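Peer 1: this one's sequence-less:
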Ligand SMILES: Nc1ncnc2c1ncn2[C@@H]1O[C@H](COP(=O)(O)OP(=O)(O)OP(=O)(O)O)[C@@H](O)[C@H]1O
Ligand SMILES: [Mg+2]
């Protein structure tokens, strides 16, 4: 479904992503784990079209999307819930959801909002509230709900558990599993490697811009190197 | 009666500043740049209206529509050719380019229409309003200008609050990257913003020259700077701020001229701005972010 082939991404002269290749098959949850600054967010931004690889190709649903502008990539069914949530703080909860459905037709939006409210009842209670007044957990739910509004076939999540209390982290990962069971393919970027590997089918380990290891998630959980570096021994 | 009459003139002049300031403030809010060529778009609008009425014999209303159409297109073209290539450049580079565009427009106008002032016939030919047994006379231009400002501010507020493109503008204004991830075409949104601002500049140009009927290639420069001041004064990025800032500026200018000194009126206007910015660096309404675009 998504095939990233040997991409190199630079910030000016900084070589952030060095020959990275990976694949996500339809129906999978794939996780990309790695320490701070390894290049996880850079990869997602590149796939979304916000950054452009110097070399290499990115195919989504069979099409090369390397020079496709970000808004067109969204309409092809590839959505991203960015790191740090990035919800529109000065807009209401419902307006945020409407923005998520920007590419959809007016009559589809009501139904999509109803779906999100069903999954996140808390958001429905707060629909007229400014998003900036939500708690951190609610903001994360809004960010995920907003990304779902475009009805993506592939959803990329950048550290959805960041800054959340353990109970909320568990909840977020439950939702990720549910979404996947409902048919959404997921590419999950996480620092919480334990949690990410426990829901994912496969994982890639990223170190300073290179993929150093890839295996089924269960194997990575038992891999000595991974345990030492990312799972606290 | 003198004071009331000055006050109304001030509000009317301020309404023109406000309409211009809206263009500055919306473009700033969304593209995060100061379009210093905005004042010269006013001038182009006024010439269009002048040519349509004086040379082709169009009705005043039709001439305004033409002016708006030409300026809207001009705004889109300026953004496309001059600013879009600089989307990731430093703000200094963008500023210098904007000043360059401003001189370019003035000089093109000089080539086409020469520096001889044209005498603009007011597009509004209704009777003046006489109140208090004729002690207070308000010209129809004044009334139409104030009404136009109210309608425009109301209309824009509604667009920004409720329409799809208006919401996209707010989203882009707040977080361009996140907006792109929602599927919003940022370039298109910025282009629409320039189109609206420039269309409004045409209206301002026609109203300005109806009130002060000497039309020259530099006619937009000073009102442009004052409107920019008004936008900053009211809180740049804020629509109600642009209106408030514009009207206050107009009133201060006219009252200053009437009661203090004609020569010093501009100095008074800019001093007030400096004082306000010292006390409130974000401008009068700069904190009320919910209305920002
Ligand atoms: N805008 C930028 N300009 C220059 N360098 C950048 C920029 N953004 C990221 N980098 C650098 O690129 C590298 C990868 O950053 P990236 O944000 O992709 O890491 P990450 O794996 O997402 O880290 P984290 O877990 O902290 O979010 C880092 O060395 C970072 O300093
Ligand atoms: Mg990151």
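Peer 2: Everything's here; your move. Owing to the predicted nature of the structure, the values given are computational and were not obtained by experimental measurement. Ligands and ions are numbered 1, 2, ... in the order given.
Peer 1: For ligand 2, what's its nearest residue on chain A.
Peer 2: Nearest to ligand 2 in chain A, going by Cβ to the ion, is residue A:41, at a distance of 3.1 Å. Yep, even glycine has a C-beta here, placed from its N, CA and C like the rest.
Peer 1: most residues in a single helix of chain A, which one?
Peer 2: Ranked by number of residues, the top helix in chain A under DSSP state H is helix A:166-181.
Peer 1: If I follow the layout properly, the residue of chain A closest to ligand 2 ends up in contact with residue A:158?
Peer 2: Yes: in this structure residue A:41 lies within contact range of residue A:158 using Cβ atoms under 8 Å: 5.6 Å.
Peer 1: what touches both of the two?
Peer 2: Common neighbours of residue A:41 and residue A:158 (criterion: Cβ atoms under 8 Å, 6 or more residues apart in numbering or on different chains): A:82, A:83, A:189.
Peer 1: Which ones among these lie within strands?
Peer 2: Under the assignment DSSP state E, the shared contacts of residue A:41 and residue A:158 contribute residue A:189 to strands.
Peer 1: In terms of distance to residue A:119, which of the shared contacts of residue A:41 and residue A:158 ranks first?
Peer 2: residue A:82 (19.4 Å; Cβ to Cβ).
Peer 1: mind checking how far that closest one is from residue A:67?
Peer 2: From residue A:82 across to residue A:67, the span is 21 Å (Cβ to Cβ, to the nearest Å).
Peer 1: who's more crowded, these two?
Peer 2: With neighbours defined as other Cβ atoms under 10 Å in any protein chain shown, residue A:82 and residue A:67 compare such that residue A:82 has more, 22 against 8.
Peer 1: where do the strands sit along chain A?
Peer 2: Assigned by DSSP E, the strands in chain A fall at A:2-11, A:14-24, A:29-34, A:55-60, A:63-64, A:78-81, A:154-158, A:185-190, A:202-207, A:210-216.
Peer 1: Next, format these as CSV and append distance to ligand 2.
Peer 2: Converted to CSV, the strands of chain A look like this (distance: least, Cβ to the ion, whole Å):
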stretch, distance to ligand 2
strand A:2-11, 13
strand A:14-24, 11
strand A:29-34, 9
strand A:55-60, 18
strand A:63-64, 25
strand A:78-81, 12
strand A:154-158, 6
strand A:185-190, 7
strand A:202-207, 10
strand A:210-216, 16
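Peer 1: Any idea which residue is closest to the centre of chain A?
Peer 2: The residue at the geometric middle of chain A, judged as the C-alpha nearest the mean C-alpha position with Cα atoms, centre = their mean, is residue A:157 (1.5 Å).
Peer 1: In this structure that one contacts residue A:184, no?
Peer 2: No: counting by Cβ under 8 Å, no contact exists between residue A:157 and residue A:184, whose distance comes to 10.5 Å.
Peer 1: How many residues are close by residue A:23?
Peer 2: A total of 15 residues lie near residue A:23 under the criterion other Cβ under 10 Å.
Peer 1: follow-up on the earlier one: check contacts around the residue of chain A closest to ligand 2.
Peer 2: Contact criterion Cβ under 8 Å, 6+ apart gives A:82, A:83, A:158, A:189 as the residues in contact with residue A:41.
Peer 1: about what we covered before: export the shared contacts of residue A:41 and residue A:158 to CSV and tack on pLDDT?
Peer 2: Compiled in CSV, the shared contacts of residue A:41 and residue A:158 are given as follows (pLDDT from 0 to 100):
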residue, pLDDT
A:82, 96
A:83, 95
A:189, 96
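Peer 1: so which of the shared contacts of residue A:41 and residue A:158 comes closest to residue A:90?
Peer 2: The nearest one, if we look at these relative to residue A:90 and count by Cβ to Cβ, is residue A:82, at 17.3 Å.
Peer 1: Could you find the closest non-adjacent residue to that closest one?
Peer 2: For residue A:82, the nearest residue in space outside its immediate sequence neighbours is residue A:158; the separation is 5.4 Å by Cβ to Cβ, 6 or more residues apart in numbering or on different chains.
Peer 1: What's opposite that neighbour in the beta bridge?
Peer 2: Beta bridges link residue A:158 to residue A:189 when assigned by DSSP bridges.
Peer 1: and it, how many residues sit next to it?
Peer 2: Residue crowding around residue A:158 was assessed by other Cβ under 10 Å; the count is 24.
Peer 1: shouldn't it be in contact with residue A:80?
Peer 2: Yes: in terms of Cβ under 8 Å, residue A:158 counts as a neighbour of residue A:80; the distance is 6.9 Å.
Peer 1: which neighbours do those two share?
Peer 2: Counting by Cβ under 8 Å, 6+ apart, the residues touching both residue A:158 and residue A:80 are residue A:44.
Peer 1: Buried residues, stretch A:96-107. List them.
Peer 2: In terms of neighbour count (16 or more other Cβ atoms under 10 Å in any protein chain shown), stretch A:96-107 has its buried residues at A:96, A:97, A:98, A:99, A:100, A:101, A:102, A:103, A:104.
Peer 1: Surely the last one and residue A:112 touch.
Peer 2: Yes: when contacts are counted by Cβ under 8 Å, residue A:104 is listed as touching residue A:112 (6.6 Å).
Peer 1: Mutual contacts of those two, please.
Peer 2: When Cβ under 8 Å, 6+ apart defines a contact, the residues bordering residue A:104 and residue A:112 alike are A:149, A:151.
Peer 1: Please name the residues that touch residue A:145.
Peer 2: Going by Cβ under 8 Å, 6+ apart, residue A:145 touches A:97, A:100, A:116, A:119, A:120, A:123.
Peer 1: Let me have those residues in CSV, extended by distance to ligand 1 and pLDDT.
Peer 2: Below are the contacts of residue A:145 laid out as CSV (distance: Cβ to the nearest ligand atom, whole Å; pLDDT from 0 to 100):
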residue, distance to ligand 1, pLDDT
A:97, 25, 97
A:100, 22, 96
A:116, 26, 94
A:119, 26, 90
A:120, 24, 92
A:123, 25, 95
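Peer 1: pLDDT weak spots in the chain?
Peer 2: Since you didn't name a chain, this refers to chain A. The model of chain A has pLDDT under 70 over residues A:233.
Peer 1: I was after chain B.
Peer 2: For chain B, residues meeting the criterion pLDDT under 70 lie at B:1, B:287-293.
Peer 1: Please, where are all the helices along it?
Peer 2: Here chain B has its helices, by DSSP H, at B:2-31, B:38-54, B:60-78, B:91-113, B:140-162, B:164-174, B:176-181, B:186-211, B:221-234, B:239-259, B:265-279.
Peer 1: of all the ones you listed, which lies closest to residue A:168?
Peer 2: When the helices of chain B are compared by Cβ to Cβ, helix B:176-181 sits nearest residue A:168, at 21.5 Å.
Peer 1: by contact count, what packs against the closest one?
Peer 2: When contacts are defined as 3 or more Cβ pairs under 8 Å, 6 or more residues apart in numbering or on different chains; DSSP states H and E, helix B:176-181 packs onto helix A:70-75, helix B:164-174, helix B:186-211.
Peer 1: ok, and which of these has the densest surroundings?
Peer 2: Ranked by average neighbour count under the criterion mean count of other Cβ atoms under 10 Å in any protein chain shown, the helices and strands packed on helix B:176-181 are headed by helix B:186-211 at a mean of 25.
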